[in-house]
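Student: output the structure for:
(chains A, B and C)
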Amino acid sequence: EAKPQQKYCGMTEFVGTAIGDTIGLVIANVDPSLHEMMKLDKKYRSIGIIGARTGAGPQIMAADEAVKATNTEIVTIELARDTKGGAGHGSLIIFGAEDVSDARRAVEVTLKELDRTFGDVYANDAGHLEFQYTARASYACQKAFNAPIGKSFGLIVGAPAAIGVIIADTAVKSANVDVIGYASPASGTSYSNEVILFISGDSGAVRQSLIAAREVGVKLLGTLGEEPKPATTPYI
Amino acid sequence: EAKPQQKYCGMTEFVGTAIGDTIGLVIANVDPSLHEMMKLDKKYRSIGIIGARTGAGPQIMAADEAVKATNTEIVTIELARDTKGGAGHGSLIIFGAEDVSDARRAVEVTLKELDRTFGDVYANDAGHLEFQYTARASYACQKAFNAPIGKSFGLIVGAPAAIGVIIADTAVKSANVDVIGYASPASGTSYSNEVILFISGDSGAVRQSLIAAREVGVKLLGTLGEEPKPATTPYI
Amino acid sequence: EAKPQQKYCGMTEFVGTAIGDTIGLVIANVDPSLHEMMKLDKKYRSIGIIGARTGAGPQIMAADEAVKATNTEIVTIELARDTKGGAGHGSLIIFGAEDVSDARRAVEVTLKELDRTFGDVYANDAGHLEFQYTARASYACQKAFNAPIGKSFGLIVGAPAAIGVIIADTAVKSANVDVIGYASPASGTSYSNEVILFISGDSGAVRQSLIAAREVGVKLLGTLGEEPKPATTPYI
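Tutor: Here you go, the predicted model:
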């Protein structure tokens, strides 16, 4: 996908946009009545906001790098059933910060990381696959996926969900990894047509699992349509 | 959007169609076994039905005028995750009436009001915004949004949800209004990619909030695509 | 819809593809850690998998024939909110078997039956209708729809949901059938824009109900767009 030219709107709340119809925003002082409705922790008067029509995994992995790099906390992660007619999720991620410059920095880092974290998203007209890897999971991965902090973490997504079952099985058979979660249309997703596997363990083992699952997933999804191509540049 | 020519089908149950793939229907005597399954109040043998692929807010606001104007009651309001690949909801609204002519009249009023209530719906390929206002909320607004009967009420929707957060904040900072509700992808929506704010209060303040939120929303959504245009003619 | 040419991928897990972006797969020995996460019954080491972007009813009815014809059990049926921007569901169906050849056979039968079970699916740009009939319901219909085993069963779907209300009423007024279930956007669906009626009873009565509902549904959906056409060849 060609990188679209950024459009600006001259508002201080606006930070930028990125792939996946992702927008990054900040609020320096959340209005008290809204603050309460959003159930935000009182210590954060500033928030950073990442919202996307297409993708949750890429945005969460990018936000994971942002919390490592900034003085912010992940406050909430919500998954819409979206992807503009596709089989997956959109996302709403909120960072809390005591200072708006921290919130802005977290949003900037997230937007910048998205080009990488869309690298192992493969799609065709029939569905999509997603693979994510980090050598050291942080608070976004913990909040969204229950990943152990500081350990290697991997994410495997297949849509339609049937393909996710096969590549989850491939992943766990390919290396000695810990399965920390499994989500499916009726459980752990927002009724998306995905099966998602969450794995942890030794860095090399997690990567080996992901690579094996990716190889199988691309073959299977290809039987339903065109050969699936990565959205940007694969990083795993 | 050009007004499509109405098509008729010669059935007594059919009332009409409108913008948003909205259809209006009536049943004079609901079959007792279905009546029970639908958990309808026994006193209503007749029902009016409004269903739409695209939109819940416009249909609910239109139904609010219909209950004011007719001898009917709002029985149920259900929100599908729909909008035909968009970020929002479709809707199913059921009016109860003792007489089918009342049910039919409620459906007719609702269909007619839709041209107005789509007036502050702005969309582009990346998302949508919606603003609704009534000087005097009635039973549809109460049922769907918990709006106090007889008071001014306003609705603010932003999609992707991140934009909704910002315009909700803008709205409450722009005038002295009461926040009566807040919905987001994981809470209060059917996993739509929206943040929705419900406000009440003084008529002038509610309108001021809506106008401020609308101005910001149009700017922000425009950074993700074309300039958002109203679906019909703005009324706020 | 023209029958697409099957594509193969040379993997033993791959069985085939069919209408509705449906894929059929098997796993001979599910990895123990995945087996546990999926909450599968321990006696089934082999599973057959049917997954689809578009359709749940057609796949479940087809799976119902497969359990009749093979030594397998329906383990889980999950409905995603999908249909690629349409108003309905996708599906994930898992067969359990002690032997992989049984699982494979169940998947093959299901894929083959789909051409028939899409026969009374009618769609246009505004929505869809679905009618299903079996003279003798088996375990897939029981699991998914609470259908009594061995009795005639019928399924009526209308989308947008408003049309489903009318054709459900038509169905129960047309013949003496038992209503065994009713699903709507907020209850019993995955927030799809459908009303679904489940009926049982005498074989002739169930068919009569379905035929009456179908006639009305096609007329009503036609008022919102083109005349709805069957996806394959009607069988009821």
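Student: where does chain A get nearest to chain C, residue-wise?
Tutor: residue A:162 (2.3 Å; Cβ to the nearest Cβ). Every C-beta, even on glycine, is put in place using the N, C-alpha and C of the backbone.
Student: secondary structure of that residue: a helix, I assume?
Tutor: Yes - counting by DSSP: H, G, I helix; E, B strand; the rest coil, residue A:162 falls inside a helix.
Student: which strands and helices sit next to the lengthiest helix in chain A?
Tutor: Longest helix in chain A by number of residues (criterion: DSSP state H): helix A:203-222. With contacts defined as 3 or more Cβ pairs under 8 Å, 6 or more residues apart in numbering or on different chains; DSSP states H and E, the packing partners of helix A:203-222 are strand A:121-124, strand A:127-134, strand A:152-159, helix A:161-174, strand A:195-201.
Student: redo that, cut-off 6 Å
Tutor: Counting by 3 or more Cβ pairs under 6 Å, 6 or more residues apart in numbering or on different chains; DSSP states H and E, the packing neighbours recorded for helix A:203-222 are strand A:127-134, strand A:152-159, helix A:161-174.
Student: what strands flank whichever helix or strand comes after it, and is each parallel or antiparallel?
Tutor: Later in the chain than helix A:203-222, the nearest helix or strand by DSSP states H and E is strand A:229-230. Strand A:229-230 sits in its sheet next to strand A:121-124 (antiparallel), going by DSSP bridges.
Student: pLDDT (mean, whole number) over the partner strand?
Tutor: Across strand A:121-124, pLDDT averages out at 98.
Student: other residues contacting it?
Tutor: With contact meaning Cβ atoms under 6 Å, 6 or more residues apart in numbering or on different chains, strand A:121-124 is reached by A:129, A:130, A:218, A:225, A:226, A:228, A:230, A:231.
Student: just the CA trace of that strand, in PDB.
Tutor: Once non-C-alpha atoms are left out, strand A:121-124 reads as follows in PDB (Å, rounded to 0.1, in the frame of the first residue of the first chain):
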ATOM      1  CA  VAL A 121      -0.200  -8.800   8.000                       C
ATOM      2  CA  TYR A 122      -1.200 -10.700   4.900                       C
ATOM      3  CA  ALA A 123      -4.600 -10.300   3.200                       C
ATOM      4  CA  ASN A 124      -6.600 -11.100   0.200                       C
END
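Student: who touches the residue most central in space within chain A in this structure?
Tutor: In chain A, the centroid-proximal residue (Cα atoms, centre = their mean) is residue A:57; its distance is 2.0 Å. The contact partners of residue A:57, taken as Cβ under 6 Å, 6+ apart, are A:130, A:132, A:155.
Student: who's the nearest residue to residue A:203 once chain neighbours are set aside bridged to?
Tutor: Leaving aside its chain neighbours, residue A:203 sits nearest to residue A:152 (4.2 Å; criterion: Cβ to Cβ, 6 or more residues apart in numbering or on different chains). Note on residue A:152: beta-bridge partners residue A:201, judged by DSSP bridges.
Student: how many residues are close by residue A:152?
Tutor: 22 (other Cβ atoms under 10 Å in any protein chain shown).
Student: repeat for residue A:215
Tutor: 12.
Student: now do it, the pLDDT please.
Tutor: Taking residue A:215 on its own, its pLDDT is 98.
Student: quick one: contacts for it?
Tutor: Contacts of residue A:215 by Cβ under 6 Å, 6+ apart: none found.
Student: on that earlier part again, got a markdown table for the contacts of residue A:57, with pLDDT and distance to chain C too?
Tutor: Listed next are the contacts of residue A:57 as a markdown table, based on pLDDT from 0 to 100; distance: Cβ to the nearest Cβ, whole Å:
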| residue | pLDDT | distance to chain C |
| --- | --- | --- |
| A:130 | 98 | 16 |
| A:132 | 98 | 18 |
| A:155 | 98 | 14 |
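Student: between these, which is closest to chain B?
Tutor: Using Cβ to the nearest Cβ, the contacts of residue A:57 come closest to chain B at residue A:130, 17.9 Å.
Student: surely the closest one meets residue A:157?
Tutor: Yes - in this structure, residue A:130 is within contact of residue A:157 by Cβ atoms under 6 Å, at 3.9 Å.
Student: what about the two, which has more around it?
Tutor: Comparing residue A:130 with residue A:157 by other Cβ under 10 Å, the one with more neighbours is residue A:157, at 32 against 27.
Student: contacts only, for the more buried one.
Tutor: Counted by Cβ under 6 Å, 6+ apart, residue A:157 has contacts A:130, A:194, A:196.
Student: and for residue A:52?
Tutor: A:20, A:21, A:22, A:59, A:90, A:91.
Student: what count of nearby residues applies to the last one?
Tutor: Neighbour count of residue A:91, defined by other Cβ under 10 Å: 30.
Student: tell me which element it falls in.
Tutor: strand A:89-97.
Student: pairing partners for that strand, with directions?
Tutor: Here, using DSSP bridges, strand A:89-97 pairs with strand A:46-52 (antiparallel), strand A:73-81 (antiparallel).
Student: with distance to residue A:118 and mean pLDDT added, can I get those in CSV?
Tutor: Listed next are those as CSV, based on distance: least, Cβ to Cβ, whole Å; pLDDT from 0 to 100:
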stretch, distance to residue A:118, mean pLDDT
strand A:46-52, 11, 98
strand A:73-81, 17, 97
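Student: closest one to residue B:205 among those strands?
Tutor: Of all the strands paired with strand A:89-97, strand A:46-52 sits nearest to residue B:205, with 24.6 Å by Cβ to Cβ.
Student: run the chain-centre distance for that closest one.
Tutor: 14 Å (Cα atoms, centre = their mean, to the nearest Å).
Student: just stretch A:121-137 next, same as before
Tutor: In terms of Cα atoms, centre = their mean, the centre of stretch A:121-137 is set 9 Å apart from its chain centre.
Student: just stretch A:228-236 next, same as before
Tutor: With Cα atoms, centre = their mean, you get 15 Å for stretch A:228-236.
Student: just stretch A:97-104 next, same as before
Tutor: Chain-centre distance of stretch A:97-104: 21 Å, with Cα atoms, centre = their mean.
Student: could you export stretch A:36-43 as CSV, CA atoms only?
Tutor: This file holds the C-alpha atoms of stretch A:36-43, laid out as CSV (Å, rounded to 0.1, in the frame of the first residue of the first chain):
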residue,chain,number,x,y,z
GLU,A,36,-15.4,10.3,35.0
MET,A,37,-17.5,8.7,32.2
MET,A,38,-14.4,7.2,30.6
LYS,A,39,-13.4,5.8,34.1
LEU,A,40,-9.9,7.1,33.8
ASP,A,41,-7.5,7.0,36.7
LYS,A,42,-7.6,10.4,38.4
LYS,A,43,-3.8,10.9,38.2
